[in-house]
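Undergrad: This is a predicted model, with the sequence first.
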Amino acid sequence: KLEFHGSKVSSDAGLLPYRELDDAVGLSEIAGDVLTDTRRGKNGRHGLVGQFRQSVFGRLGGYDDVNDADRLSLDPVMRWIVGGHAVTKQAASTSQMGRFETEVLATDANVGALADMNGAWIDKVHDRHPPKMIILDMDSSVSPTHGDQEGTAYNGHFGCTCYHPLFLFNQFGDLERCALRPGNVHSADDWEGVLKPVVVRYKGRKVRLYFRGDAAFASPEIYEYLEAEDFLYAIRLPKNQVLQENISHLLTRPVGRPPNHVLRFYASFSYQAGSWDRKRRVVAKVEWHPGELHPRVGFIVSNLSRPAERVVAFYNQRGKAEQYIKEGKNAIKWTRLSCRKFRDNEVRLQLHALAYNLGNFMRTLALPKEVEHWSLTTLREKLVKIGAKVVRHGRYVTFQLAEVAVPRSLFQKILGLIDDLRRRPVPA
């Protein structure tokens, strides 16, 4: 016998700890302060903050667009997350959420506020756990497009029609800022619009600032800006004949029988390209791999003073940004930008980014030691997707959770770590 009681059971009870985290750090309340509600009239069923939560938490739960809003509007967990009238009635429908994302949030002011909100959320976290340094990793990615979407274009590097968004992460995996761009722009296009607002935010904090980027960001304008802002940086440099001449002594195959392991050699020298205003330090790494006739050579331009081998090790950590992008694609589905208008897809990318950051805050702030290695995908499958039965009493509601992947003891530890993030009143 099968029975379906959508308003009495939920498959997403694990979103409740995320709602507690939201409340403890004060994330969604920022939306109420910076977003403008363009709706007129007094008969609105759901407030702006409630619909904002439904957009972000829905994406966090794996519902990457508003098509599922009708079903989610009856889900008891989502109704509790939205709050207000939704607790006793229902959350916003598909049509209401569609208008919210394509009309209310699509104004110039609100798109700008959404782009700034990721940084405001990260500042809230840093107020509780101040970092000693910030390492920024910039990278671009691909979001495939379909049909006649505004801004779509063929990108030869990715081999498809797409958008070409730009992302900026810190070393904790938080997405500091992102921007949606047409598919045919250069990887470093509009780097100022993404990087400079983040730099301004950190000027008031006493932290050491670092920057890493691949060869797409090897331009004198970026070097000069980073140096003027007292950044330490390591950026991949495309190889050329002059650079290779500086390490010609390392490009000759070592004498003797080739070993069965990789041979690595490092070098450091000063170099000035024709478009540079000064000489800068370049670090080279040469690798001889077994069975390969020619070495693998890489160059990094940097103002770090550490030894060449440590500069390369520091730069190699930039690969984590690619892993963060992969998690955003797999766990949050931020490549699901299926609206026709470019502006609407800008809004969707920012909402996906906020959902990603909320998920990452859970990972970095509220996971006990035994599960701190969980990825966002694992968190969604094991924590978010917990079945629950809802029992209503006269004065309260009980969520009876299944105890399989996340047992009671682990759930209690997560809630305890979240509670530690709350601001405590100062004793008189």
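TA: Received the coordinates, thanks.
Undergrad: Output the longest helix belonging to this structure.
TA: helix 342-365 (DSSP state H).
Undergrad: tally of neighbours for Arg53?
TA: 25 (other CB atoms under 10 Å). (Glycine included, C-beta is placed from N, CA and C.)
Undergrad: Asp23 is in contact with that one, correct?
TA: No: judged on CB atoms under 8 Å, Arg53 makes no contact with Asp23 at a distance of 10.4 Å.
Undergrad: OK, contacts around the residue nearest in space to the middle of the chain?
TA: Centroid check for the chain by CA atoms, centre = their mean gives Leu175 as the closest residue, at 3.4 Å. Leu175 sits next to Asn118, Phe167, Leu168, Phe169, Tyr324, Gly328, Ala353, Tyr356, Asn357, Asn360 when contact means CB atoms under 8 Å, 6 or more residues apart in numbering.
Undergrad: what's across from it in the sheet?
TA: Using DSSP bridges, the beta-bridge partners of Leu175 come out as Phe169.
Undergrad: Next, the buried residues of stretch 129-149.
TA: Neighbour counts over stretch 129-149 (16 or more other CB atoms under 10 Å) mark 131, 134-143, 145, 149 as buried.
Undergrad: Redo those residues as a markdown table? Include secondary structure, pLDDT and distance to Gly387.
TA: A markdown table is the format used below for those (DSSP: H, G, I helix; E, B strand; the rest coil; pLDDT from 0 to 100; distance: CB to CB, whole Å):
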| residue | secondary structure | pLDDT | distance to Gly387 |
| --- | --- | --- | --- |
| Pro131 | coil | 95 | 37 |
| Ile134 | strand | 97 | 40 |
| Ile135 | strand | 97 | 39 |
| Leu136 | strand | 97 | 40 |
| Asp137 | strand | 97 | 37 |
| Met138 | strand | 97 | 40 |
| Asp139 | strand | 96 | 37 |
| Ser140 | strand | 96 | 39 |
| Ser141 | coil | 96 | 34 |
| Val142 | coil | 95 | 35 |
| Ser143 | strand | 95 | 32 |
| Thr145 | coil | 94 | 36 |
| Gln149 | coil | 94 | 37 |
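Undergrad: and the two most separated of those residues?
TA: Pro131 and Gln149 (38.3 Å; CB to CB).
Undergrad: Let me know whether Lys320 touches Asp139 as I believe.
TA: No: counting by CB under 8 Å, Asp139 is not a contact partner of Lys320; they are 10.1 Å apart.
Undergrad: Name the residues contacting each of the two.
TA: Phe169.
Undergrad: now stretch 276-287: mean pLDDT?
TA: For stretch 276-287, mean pLDDT is 95.
Undergrad: Residues touching that stretch, excluding its own?
TA: In contact with stretch 276-287 (CB under 8 Å, 6+ apart) are residues 220, 223-224, 234, 237, 243, 246-247, 250-251, 262-272, 295-304, 308, 311-312.
Undergrad: I'd like to know which of the residues you listed are buried.
TA: 223, 234, 237, 243, 246-247, 250, 265-266, 268, 271, 295, 297-302, 304, 308, 311-312.
Undergrad: for the chain, what spans make up the strands?
TA: 9-10, 133-140, 143-144, 153-155, 160-163, 166-169, 175-179, 208-213, 232-237, 263-271, 280-288, 296-302, 388-392, 397-401 (DSSP state E).
Undergrad: could those strands be laid out in CSV, adding distance to Phe57?
TA: As requested, the strands of the chain are arranged in CSV below (distance: least, CB to CB, whole Å):
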stretch, distance to Phe57
strand 9-10, 12
strand 133-140, 27
strand 143-144, 22
strand 153-155, 32
strand 160-163, 24
strand 166-169, 22
strand 175-179, 17
strand 208-213, 32
strand 232-237, 37
strand 263-271, 47
strand 280-288, 44
strand 296-302, 41
strand 388-392, 15
strand 397-401, 15
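Undergrad: Can you check which of those strands gets nearest to Leu114?
TA: The closest approach between Leu114 and any of the strands of the chain, judged by CB to CB, belongs to strand 175-179 at 10.3 Å.
Undergrad: And the closest one, what's buried?
TA: Leu175, Glu176, Arg177, Cys178, Ala179.
Undergrad: likewise stretch 144-163?
TA: In stretch 144-163, counting by 16+ other CB under 10 Å, buried: Thr145, Gln149, Gly151, Thr152, Asn155, Thr161, Cys162, Tyr163.
Undergrad: got those residues as CSV, with distance to Ile386 columns?
TA: As requested, those are arranged in CSV below (distance: CB to CB, whole Å):
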residue, distance to Ile386
Thr145, 35
Gln149, 36
Gly151, 38
Thr152, 38
Asn155, 40
Thr161, 39
Cys162, 35
Tyr163, 34
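Undergrad: Looking at the residues you listed, spot the one nearest Arg257.
TA: Asn155 (45.0 Å).
Undergrad: Contacts only, for that closest one.
TA: If you count contacts by CB under 8 Å, 6+ apart, then Asn155 has Val142, Thr161, Cys162, His164, Gly183, Asn184 around it.
Undergrad: Report the two of those residues separated the most.
TA: Val142 and Asn184 (11.8 Å).
Undergrad: Which residues are in contact with each of these two?
TA: With CB under 8 Å, 6+ apart as the test, Val142 and Asn184 both reach Asn155, His164.
Undergrad: So what's the predicted local confidence for Asp1?
TA: Quick fix: residue 1 reads Lys, not Asp. pLDDT at Lys1 comes out at 55.
Undergrad: repeat for the one 10 residues further on
TA: Ser11 carries a pLDDT score of 88 in this model.
Undergrad: That one reaches Gly387, doesn't it?
TA: Yes: contact status for Ser11 versus Gly387: in contact at 5.6 Å, counting by CB under 8 Å.
Undergrad: and the residue nearest to Leu365 when sequence neighbours are not counted, how many neighbours does it have?
TA: Excluding its sequence neighbours, the residue lying closest to Leu365 (CB to CB, 6 or more residues apart in numbering) is Leu421, at 6.4 Å. For Leu421, the count of nearby residues is 19 (other CB under 10 Å).
Undergrad: which residues touch Leu421?
TA: Counted by CB under 8 Å, 6+ apart, Leu421 has contacts Leu21, Ala24, Val25, Arg128, Leu365, Ala366.
Undergrad: For Met362, see how far away it is.
TA: 11 Å (CB to CB, to the nearest Å).
Undergrad: next one: Val297
TA: Distance from Val297 to Met362, by CB to CB: 41 Å.
Undergrad: Pass me the low-pLDDT residue ranges in the stretch 301-428 of the chain, would you?
TA: 426-428 (pLDDT under 70).
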